[in-house]
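>>> the following comprises the amino acid sequence and a computationally predicted model.
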Amino acid sequence: MSKIIYTKTDEAPALATRSLLPIIKSFIKSSGIDIETKDISLAARILAVFPDFLNEDQRVSDDLMILGEFAKKPEANIIKLPNISASIPQLKAAIKELQSKGFNIPNYPDEPKNDSEKDIKSRYDKIKGSAVNPVLREGNSDRRAPKAVKNYAKKNPHSMGAWSSDSKTHVATMSEGDFAHNEKSVTIPEATSIKIIHTDDNGIATTLKDSFPLLKGEIIDATVMSKKALVTFFDKQVADAREKGVLFSLHMKGTMMKVSDPIIFGYAVKAYFKDVFDKYGTLLNEIGVDVNNGLGNLLENIQQLPENKRKDIEADIAATYKKGPSIAMVNSDKGITNLHVPSDVIIDASMPAMIRTSGKMWNAEGKLQDTKAIIPDSSYAGVYAATIDFCQKHGAFDPTTMGTVPNVGLMAQKAEEYGSHDKTFEIPSNGFVQVVDTSGKVLMEHQVETGDIWRMCQTKDAPIQDWVKLAVTRAKASQTPAVFWLDINRAHDAELIKKVNTYLKNYDTSGLDLRILNPVDATIFTCERLKEGKDTISVSGNVLRDYLTDLFPILEVGTSAKMLSIVPLMNGGGLFETGAGGSAPKHVEQLLEENHLRWDSLGEFLALAVSLEHFGEVNNNDKAKILSETLDNATEQLLENKKGPSRNVGELDNRGSHFYLAMYWAQELAKQNKDQALKAEFTPIARQLEDNETSIIKELKEIQGKPVTIGGYYEPDESLINQVMRPSKTFNTILES
Ligand SMILES: NC(=O)C1=CN([C@@H]2O[C@H](COP(=O)(O)OP(=O)(O)OC[C@H]3O[C@@H](n4cnc5c(N)ncnc54)[C@H](OP(=O)(O)O)[C@@H]3O)[C@@H](O)[C@H]2O)C=CC1
Ligand SMILES: O=C(O)CCC(=O)C(=O)O
Ligand SMILES: [Mg+2]
């Protein structure tokens, strides 16, 4: 029996689900559509891997694993909300909360001392970082701003900070020794198995990863980030930011790149606080400071020191701040810097937000200031450098006239860098690393030094074929030029380009404008067209998929939450993601403080409509198709009448916006004539909702302005959270009837 699976996740999206899902359920009930939820929240994922530590009644099923399997089935139809990709500090906070609620799960062992602790750590490490999306994304990605959303933005532009030609903001990236410069790549001619081996200067070989299979036609690449080059680079950037009087800011993806990027993050913290580490390095080591988890980890750990010692260190930290450069702030009121927690500043959202804000970030005084945006690896940094350069030359983009940049992203089967965690290693000693196949042939080799970060990526052939097909399909369907963002001078991209050229021949591409440009040229080409109001599809690899689907949407429509995000699964199913953005923690904070939820569920409305459409097609269910069409119309109504959530307390919020969606949806169902039963069912409901609009909105506004509790952050209390998210008795009664 086919069904739609709805995911229960974390933070703001999970709050919103408590309000929206009951509405959806009541609307689809009569149409033979089953909806089921699967809990992939951080808390549930933790509980799922520790059944042996829990009482029988506390155990939960491993919903993520079940969903991962389901995603490979043709009948899959999954609505995926954004979930937390947990950094270590977030993971530890979730563990603490669960323990305080009586779940006897173990602590996270930073440095496991025995086999049992090693086992615990390895279970937690699978939950850490971006652990959900790669499992569910059994297809490539099609993300775009629907026409209604784009038109709304044109009529109601979001604020855009002006850019001036004397802006000192710039991107700083490495010019040697980084992943980009050391990359090697080969395409595998026949299926085989490979091992990754490190050999030290004394000839002692250690297996970093034992034999694992590769498919025919798979592209593999390997590269290394030199620790020496990285440290030199960071030292220079600290000095240069100080000299230029700009903010010091670091932009990376500690969640998706959960092995490499926290290590790189740690070196940035050490470079900025060089004086502190030179003076107290040994002591800090002894008390277990691990700055890969951010400056926050240091500040927390020094609390265990005797007061005078702690004060000495704090004074030296203060002196470092004073000496400068100033650091960009995440929250200047609370003194949280860009270097506090590796998951606070995530490049896909942080760089576009900065570009939207005149190229400025917040300083410690809470004022906007030009910044040095440090993106250590140079593989994709040029995209942001070129965008900034474009804005410095031409001024900010104008949302009322600019074009749009949909993306077709290669993502399936853990493609490229985002699947490299289990093949990323911090090198223990000088020597070399080799990738060796079963015949003993060395496929790739790198000289390495202690502390270097070596990694290998895989990109399977079937996803590449599917990606090229999706690109052609989208270019044809929208009659829009499409650019493959690939650099012939990069080893991996050179292999990919060969395949793109081969697979493009399978299609009739006459009349289509398809090109291959390196990322910098692609940025310039796209930005020029964008400014002239022209659309351009970006066809990109996995990392640029992530970056570009925040960059352009944030400039075009203000937030990537408004994106339609479809993942046509390779085995025929559909995964419908909601927007491209995450689950901004500040939204929960605001709800708790003043009972106002500014989260915009627009991406979810769009995802549900395509999910229903897909359901209708696969199951020959015409009602599902009508529900889909009417939902799309309702969403358009919602945009036209400006019934999205406001940022401010006392105004319409997420819950009020859901009410309007329900009202418009019911009206659209009452209006249509394709299905008389639906018409008859929804005509009185539409009337009831209209008649009670004023009182429902009043009920939804009255409750705002006071703090609320939901009994937990990672594992809220179901009854409390439902009460908070469904506060209108009148509305609930209509839905239940
Ligand atoms: N698909 C997924 O599962 C994803 C998960 N994440 C996770 O989300 C968390 C936060 O990530 P972060 O990098 O801060 O990115 P977010 O996209 O959550 O936040 C960036 C900014 O976008 C705006 N925003 C995003 N979504 C909405 C929405 N629906 N309604 C209103 N505003 C919105 C807010 O800015 P403004 O100030 O303009 O209101 C927000 O501060 C992390 O745990 C991250 O790992 C991140 C991306 C995708
Ligand atoms: O999975 C994650 O950590 C974030 C995913 C993301 O940012 C995206 O797909 O746009
Ligand atoms: Mg992203």
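Noted; the coordinates are in hand. Numbers count the residues shown, from 1 in each chain. Ligands and ions are numbered 1, 2, ... in the order given.
>>> make it CA atoms for all contacts and neighbour counts henceforth
Fine.
>>> alpha carbons only: can I get stretch 459-469 in CSV?
What follows is stretch 459-469 as a C-alpha-only set of coordinates in CSV (Å, rounded to 0.1, in the frame of the first residue of the first chain):
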residue,chain,number,x,y,z
THR,A,459,31.4,9.4,-7.8
LYS,A,460,29.5,6.5,-9.3
ASP,A,461,28.6,6.3,-13.0
ALA,A,462,24.8,5.7,-12.8
PRO,A,463,24.3,9.0,-10.8
ILE,A,464,26.3,10.9,-13.4
GLN,A,465,24.2,9.5,-16.2
ASP,A,466,21.1,10.4,-14.3
TRP,A,467,22.4,13.9,-13.5
VAL,A,468,23.2,14.6,-17.2
LYS,A,469,19.7,13.4,-18.1
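>>> which of the residues in that stretch are buried?
Within stretch 459-469, the residues that qualify as buried by neighbour count (16 or more other CA atoms under 10 Å) are 459-461, 463-469.
>>> try stretch 705-715
For stretch 705-715, the buried set under the neighbour-count rule, 16+ other CA under 10 Å, comprises 705, 708, 710, 713-715.
>>> so is it next to ligand 1?
No - when contact is scored as CA under 6 Å from any ligand atom, no part of stretch 705-715 falls within range of ligand 1; the minimum is 11.6 Å.
>>> can you give me the strands for the stretch 51-200 of the chain?
Taking DSSP state E, counting those that start in this stretch as the criterion, the stretch 51-200 of the chain contains strands spanning 77-80, 141-144, 170-172, 184-187, 192-200.
>>> give me the sheet partners of the first one and which way each runs.
This means strand 77-80. Strand 77-80 has its sheet partners listed here by DSSP bridges as strand 3-8 (parallel), strand 574-578 (parallel).
>>> how far out from the middle of the chain is the longest one?
Put plainly, it is strand 3-8. What separates the centre of strand 3-8 from the centre of its chain is 20 Å, taken as CA atoms, centre = their mean, to the nearest Å.
>>> quick one: is the helix or strand just after that strand near ligand 1?
Tracing the chain C-terminally past strand 3-8 and defining elements by DSSP states H and E, one meets helix 11-28 next. No - using CA under 6 Å from any ligand atom, we find that helix 11-28 stays clear of ligand 1, coming within 7.3 Å at best.
>>> could you give the separation of helix 11-28 from the chain centroid?
Relative to the centre of its chain, helix 11-28 is centred 21 Å away, using CA atoms, centre = their mean.
>>> what does that helix rub up against?
When contacts are taken as CA atoms under 8 Å, 6 or more residues apart in numbering, the neighbours of helix 11-28 outside the stretch itself are 8, 35, 81-84, 583-585, 587-588, 597, 599, 601, 624, 627, 654-655, 658, 662, 713-714, 721-722, 725-726, 735-736.
>>> hang on, the earlier thing: closest one to Val246 among the strands of the stretch 51-200 of the chain?
Nearest to Val246 among the strands of the stretch 51-200 of the chain is strand 170-172 (9.3 Å), distances taken as CA to CA.
>>> run through who's touching that closest one.
Contacts to strand 170-172, defined as CA under 8 Å, 6+ apart, come from residues 237, 371-376, 381, 384-385, 388.
>>> same deal with stretch 703-721?
Taking CA under 8 Å, 6+ apart as the criterion, the residues outside stretch 703-721 that touch it are 10-11, 15, 18, 41-43, 94, 97-98, 591-596, 649-650, 724, 727.
>>> ends of it, what's the gap?
Between the opening and closing residues of stretch 703-721 lies a distance of 14 Å (CA to CA, to the nearest Å).
>>> now the strands of the stretch 51-200 of the chain in a markdown table, with mean pLDDT, mean neighbour count and distance to Tyr272?
Output for these, formatted as a markdown table (pLDDT from 0 to 100; neighbours: other CA atoms under 10 Å; distance: least, CA to CA, whole Å):
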| stretch | mean pLDDT | mean neighbour count | distance to Tyr272 |
| --- | --- | --- | --- |
| strand 77-80 | 98 | 26 | 39 |
| strand 141-144 | 97 | 26 | 37 |
| strand 170-172 | 98 | 21 | 15 |
| strand 184-187 | 98 | 20 | 32 |
| strand 192-200 | 98 | 19 | 31 |
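>>> ok, which of these comes nearest ligand 1?
Evaluated over the strands of the stretch 51-200 of the chain, closeness to ligand 1 peaks at strand 77-80, with 7.8 Å, by CA to the nearest ligand atom.
>>> and the residue of the stretch 401-550 of the chain nearest ligand 2?
Nearest to ligand 2, among the residues of the stretch 401-550 of the chain, is Asp546, at 4.3 Å (CA to the nearest ligand atom).
>>> thinking that residue is in contact with Asp348, fair?
Yes - Asp546 is in contact with Asp348 according to CA atoms under 8 Å; the separation is 6.5 Å.
>>> contact residues of the stretch 251-400 of the chain facing ligand 1?
Within the stretch 251-400 of the chain, the positions lying close to ligand 1 (CA under 6 Å from any ligand atom) are 255, 346, 349.
>>> can you tell me which of the buried residues of stretch 705-715 is nearest Ile127?
Within those, the smallest distance to Ile127 is 14.0 Å, found for Tyr714 (CA to CA).
>>> could you point out which residue ranges in the stretch 601-737 of the chain have low pLDDT?
Per-residue confidence for the stretch 601-737 of the chain (pLDDT under 70) gives no ranges below the cut-off.
>>> could you check the pLDDT of Gly581?
The score at Gly581 is 84. That number is its pLDDT.
>>> would you agree it falls within a helix?
No - Gly581 sits outside any helix when classified using DSSP: H, G, I helix; E, B strand; the rest coil, being coil.
>>> related to what we said a few turns ago, most tightly packed of the strands paired with strand 77-80?
strand 574-578 (a mean of 28; mean count of other CA atoms under 10 Å).
>>> output that one as PDB - backbone C-alpha positions only.
What follows is strand 574-578, C-alpha atoms only, in PDB (Å, rounded to 0.1, in the frame of the first residue of the first chain):
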ATOM      1  CA  GLY A 574      10.400  10.800  -5.000                       C
ATOM      2  CA  LEU A 575      12.100  12.600  -2.100                       C
ATOM      3  CA  PHE A 576      10.700  16.100  -1.600                       C
ATOM      4  CA  GLU A 577      12.800  18.300   0.500                       C
ATOM      5  CA  THR A 578      11.500  21.500   2.100                       C
END
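>>> C-terminal to it, what's the next element?
On the C-terminal side of strand 574-578, the nearest following helix or strand under DSSP H and E is helix 585-594.
>>> hmm, the helix or strand just after that next one in reach of ligand 1?
Toward the C-terminal end, the helix or strand that comes next after helix 585-594 (DSSP H and E) is helix 602-618. No - with CA under 6 Å from any ligand atom as the criterion, ligand 1 is not reached by helix 602-618; the gap is at least 7.2 Å.
>>> picking that back up, tell me which of the buried residues of stretch 459-469 fall in strands.
Counting by DSSP state E, the members of the buried residues of stretch 459-469 that fall within strands are Thr459.
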